[in-house]
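Trainee: what follows is a predicted protein model with its sequence.
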Amino acid sequence: MLRLPDGPKIPSLPMDKLLVHGNGPLKGSINISGSKNASLPILAATLLSDQPSIIRRVPDVSDTNYMLQILRALGAEVERSSGTVRSAPSEISPEAPYDLVRKMRASICVMGPLLTRVGRAKISLPGGCVIGDRPVDLHIKAMQGLGAKVDMEAGDIVLSAPEGLVGGEIDMRGKHGPTVLGTDNLMMAAVLARGTTVIDSAASEPEVVDLANFLVKMGARISGAGTRRVVIEGVDSLNGVEHTIIPDRIEAGTFMVAGAMAGQGVTLKRVRADHLAAATSTLQEAGHIVQFNSDGNEVHISPGETPRGCDISTGPFPGFPTDMQAQFTAMFATTPGLSVVEDTIFPQRFMHCSEMKRMGADIKVDNGRALIRGVSSLSAAPVMASDLRASAALVLAALRAHGTTEINRLYHIDRGYENIDEKILQLGGNVERVPD
């Protein structure tokens, strides 16, 4: 395995751009990577034990690379080889450095493990995508519910529990529904707290279940993961374990849309049918063909002969994921008829629409809703990625456009898609990553 370099060195963001030569059909098969959104809290959870853990199928994306650097800066010995990470946090510091945390919102999920293991955590307010208000107040409420004292010092959240955390009943419902990272943080903090913790209005996403499964392997006592009520019985200590990350349902959904928009038969391997029900039903409603194998771990997508528009509204799992609305907006842009896309979780998450309009899309956005009239074709144009999922949507639109689309700020897509250009090339698409 390769040892990460000493110290929290942050590489400068590569200013690559992607050239997408459109209108070439996609066909063939690819493997879906491990889930970025499951990897981040599970990597943070390795801090809960002083024994080493081995995590497999960790995607090689910038967000997971930042998390590994955070673990290293906190004192863990971290090694990485391909998709396998070994984290050995025998001794850890309670202070997460600003230069790392500011790069990624999900870094907030080291809060729970640090606080419950060493009784203190100091974390800068994190950065991340600019897709509307994503407050950390529910994370703070959760820690206070377990007895932590919370102070703000010059942009840092400082939490302390010198006598340890104590279980309680805590409601994690936010303004737009349950918080996934908040549920993760509370679950990680509660596993070493004294007594019983009950999480009401818990997020039930597959990534939360994957974290719970990892914690149970370590020796935690958790019941109800995947439901709105999770019960945790605190234990004295946890062990290091081995774990394989679930497939990335958002990457899978993105390539399912690619297969429907620009495919001639696309097969995705290493998927979970039970994680993709919302995307599957919407694609079928729009007239496309989606077929899973008997094990539900492989899916074949073909474009329908008579595609049609439809309406979607995002919601917590098992509803339609907010992380997929931009990709479906791209599909509806060239789908005959009228489609409506409403995002109830992040109503401001429509910055991709103005870029698609530069390509000829007919989209009107108002008050958290996009009204899309399908056009017969899109034309290439220089466009700018504004966040992770918006950038994926622009790639999808470019695959259907006439000419060569130049997608700038590619570092957004590298946050969450492992080798997306290589996977498109595997399917016969024509893309080039070039320096800006």
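Mentor: All right, it came through fine.

Trainee: thought residue 31 was touching residue 248, still the case?
Mentor: No - in this structure, residue 248 is not within contact of residue 31 by Cβ atoms under 8 Å, at 10.6 Å. (Each C-beta comes from the backbone N, C-alpha and C, glycine too.)

Trainee: between these two, who's got more neighbours?
Mentor: residue 248 (29 against 13; other Cβ atoms under 10 Å).

Trainee: which residues touch the more buried one?
Mentor: When contacts are counted by Cβ atoms under 8 Å, 6 or more residues apart in numbering, residue 248 touches 32, 33, 34, 35, 36, 37, 38, 59.

Trainee: quick check on the fifth one: phi, psi?
Mentor: Backbone dihedrals for residue 36, given as degrees, to the nearest 10, come out at phi -60, psi -50.

Trainee: in the stretch of helix or strand residue 267 belongs to, what counts as buried?
Mentor: Element membership of residue 267 [criterion: DSSP states H and E] is strand 263-269. Within strand 263-269, the residues that qualify as buried by neighbour count (16 or more other Cβ atoms under 10 Å) are 263, 265, 266, 267, 268.

Trainee: quick one, what contacts the first one?
Mentor: In other words, residue 263. 25, 26, 27, 301, 302, 303, 427.

Trainee: what pLDDT does the model give the second one?
Mentor: By that I understand residue 26. On pLDDT, residue 26 comes in at 98.

Trainee: cool, the last one as well?
Mentor: Model confidence at residue 427, expressed as pLDDT, equals 98.

Trainee: now do the fifth one
Mentor: What the model reports for residue 302 is a pLDDT of 98.

Trainee: what is the burial count for it?
Mentor: Neighbour tally, residue 302, other Cβ under 10 Å: 16.

Trainee: give me the distance between the nearest residue in space to it that is not next to it in sequence and residue 179.
Mentor: Closest residue in space to residue 302, ignoring its immediate chain neighbours: residue 289 at 4.3 Å, by Cβ to Cβ, 6 or more residues apart in numbering. Residue 289 sits 36 Å away from residue 179, taking Cβ to Cβ, to the nearest Å as the criterion.

Trainee: give me the more crowded residue out of those two.
Mentor: Legend: neighbour count by other Cβ under 10 Å for residue 289 and residue 179, higher for residue 179 (26 against 16).

Trainee: surely that one touches residue 186?
Mentor: No - in terms of Cβ under 8 Å, residue 179 does not count as a neighbour of residue 186; the distance is 9.2 Å.

Trainee: quick check: neighbours shared by those two?
Mentor: 139, 172.

Trainee: before we move on, the earlier item: may I ask which of the contacts of residue 248 has the most neighbours?
Mentor: Going by other Cβ under 10 Å, residue 38 tops those with 29 neighbours.

Trainee: what about that one, distance to residue 64?
Mentor: 10 Å.

Trainee: what does residue 389 give?
Mentor: 17 Å.

Trainee: in three-state terms, how would residue 434 be classified?
Mentor: Assigned with DSSP: H, G, I helix; E, B strand; the rest coil, residue 434 falls in the strand class.

Trainee: which strand residues bridge it?
Mentor: Using DSSP bridges, the bridge partners assigned to residue 434 are residue 17.

Trainee: hey, which helix or strand in this protein has the poorest pLDDT?
Mentor: strand 2-3 (a mean of 46; mean pLDDT, DSSP states H and E).

Trainee: ok, and what's touching stretch 91-105?
Mentor: Residues contacting stretch 91-105 (Cβ under 8 Å, 6+ apart): 8, 10, 47, 50, 63, 66-67, 69-70, 73-76, 107-108, 110, 114-115, 117-129, 134, 155-156, 181, 415.

Trainee: may I have the phi/psi pair for the residue of the chain most remote from its centre?
Mentor: Using Cα atoms, centre = their mean, the residue of the chain lying farthest from its centre is residue 163. It sits 34.2 Å away. The phi/psi pair for residue 163 (degrees, to the nearest 10) reads phi -100, psi 0.

Trainee: residue contacts, it?
Mentor: 119, 147.

Trainee: where does residue 14 land on pLDDT?
Mentor: At residue 14, pLDDT is 56.

Trainee: any idea how far apart the tips of stretch 220-228 sit?
Mentor: 19 Å (Cα to Cα, to the nearest Å).

Trainee: which residues in the chain form helices?
Mentor: For the chain, the helices defined by DSSP state H cover 36-45, 62-73, 98-101, 111-118, 137-145, 180-190, 206-218, 249-262, 277-285, 325-333, 351-358, 388-400, 411-414, 420-426.

Trainee: okay, those helices in a markdown table with distance to residue 318 next?
Mentor: Below are these laid out as a markdown table (distance: least, Cβ to Cβ, whole Å):
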| stretch | distance to residue 318 |
| --- | --- |
| helix 36-45 | 16 |
| helix 62-73 | 24 |
| helix 98-101 | 31 |
| helix 111-118 | 25 |
| helix 137-145 | 21 |
| helix 180-190 | 13 |
| helix 206-218 | 9 |
| helix 249-262 | 11 |
| helix 277-285 | 6 |
| helix 325-333 | 15 |
| helix 351-358 | 24 |
| helix 388-400 | 19 |
| helix 411-414 | 26 |
| helix 420-426 | 26 |
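
Trainee: for those, which has the smallest mean pLDDT value?
Mentor: Among the helices of the chain, helix 98-101 scores lowest, with a mean of 82.

Trainee: that helix: which residues count as buried?
Mentor: 98, 100, 101.

Trainee: residue 233 is nearest to which of the helices of the chain?
Mentor: helix 180-190 (8.9 Å; Cβ to Cβ).

Trainee: and the contacts of that closest one?
Mentor: Contacts for helix 180-190 (Cβ under 8 Å, 6+ apart): 37, 41, 44-45, 48, 105-106, 108-109, 111-113, 115-116, 138-139, 142-143, 145-146, 165, 167, 170, 172, 174, 197, 199, 202-203, 205, 207-208, 211-212, 215, 222, 225, 230, 232, 234.

Trainee: now it - C-alpha only, PDB.
Mentor: Extracted as PDB, the C-alpha positions of helix 180-190 are listed here (Å, rounded to 0.1, in the frame of the first residue of the first chain):
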ATOM      1  CA  VAL A 180     -28.300  12.400   6.400                       C
ATOM      2  CA  LEU A 181     -25.000  13.700   7.700                       C
ATOM      3  CA  GLY A 182     -26.700  14.800  10.900                       C
ATOM      4  CA  THR A 183     -28.100  11.300  11.500                       C
ATOM      5  CA  ASP A 184     -24.600   9.900  10.700                       C
ATOM      6  CA  ASN A 185     -22.900  12.200  13.200                       C
ATOM      7  CA  LEU A 186     -25.400  11.500  15.900                       C
ATOM      8  CA  MET A 187     -25.200   7.700  15.400                       C
ATOM      9  CA  MET A 188     -21.400   7.800  15.600                       C
ATOM     10  CA  ALA A 189     -21.400   9.900  18.700                       C
ATOM     11  CA  ALA A 190     -24.000   7.700  20.400                       C
END
